[in-house]
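**Q** Everything below, folded, please.
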Amino acid sequence: SAPTMPKVSGIACVTVLIAAALFCVASAITPSGSVGGRGFGDNLNWVSFTEGIAEAEATKKPAMVVIHKSWCGACKALGPKVAQSSEIAELAKDFVLINVHDDEEAHTTEKFKPDGGYIPRVIFYDGLHGEVLLDHINKKGNPSYKYFHTGAESVVASMKEVKELFESDAFLSKGKAEL
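**A** Next up is the predicted model:
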């Protein structure tokens, strides 16, 4: 006699279809990068501090390091401005984006606190020479808090400066001791 197939209930089929649909939706909204945007844009490729420094040095690219806290009002205000900026999204293609959140700041070094431990701080790292780029600050901001940004415009201006620096032959040919 022919083998018989077990009967599958309609409920079981519907359950499998719902589970598959939920998996697809979850996959589609998973943020890019290893850490996600954490309020600074899941559309951008954010990575952890350790991963980002290694990637910047391996690729010889600049890194933009954003240090922020979940409880910080100024951080919560800056995040959506960065996330919604089409200019930052375009410039981000030339940077490694490092998202340092809450207690992860302990993984950074003192050189990422050049003028204090306030937040948020946006600091640029030179993956070519392995140094923090101290001169790339919020030029329109408070001189006591050089790396504090309140809007996308100042972040864009700093990113453009760093991008231009990395495109200059003089910078690219300098040795670490000459910086």
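**Q** Can you tell me the closest non-neighbouring residue to T59?
**A** G127 (6.3 Å; CB to CB, 6 or more residues apart in numbering). Just so you know, the C-beta spots here come from the backbone N, C-alpha and C atoms, and that holds for glycine as well.
**Q** what sits against the one you found?
**A** Contacts for G127 (CB atoms under 8 Å, 6 or more residues apart in numbering) come out as 53, 55-63, 96.
**Q** And it, how far from E57?
**A** Remark: distance between G127 and E57 (CB to CB, to the nearest Å) = 5 Å.
**Q** What's the first helix or strand after the helix or strand bottoming out on mean pLDDT in the chain?
**A** Ranked by mean pLDDT, DSSP states H and E, the weakest helix or strand in the chain is helix 10-29, scoring a mean of 44. Downstream of helix 10-29, the next assigned helix or strand under DSSP states H and E is strand 46-47.
**Q** Give the other helices and strands that that next one contacts.
**A** Counting contacts by 3 or more CB pairs under 8 Å, 6 or more residues apart in numbering; DSSP states H and E, strand 46-47 is packed against strand 96-101.
**Q** what lines up beside the strand it packs on in the sheet?
**A** Next to strand 96-101 in the sheet, as set by DSSP bridges, lie strand 46-47 (parallel), strand 62-68 (parallel).
**Q** what separates the first one from the chain centre, distance-wise?
**A** Here the centre of mass of C-alpha atoms in strand 46-47, compared against the chain's by CA atoms, centre = their mean, to the nearest Å, lies 4 Å away.
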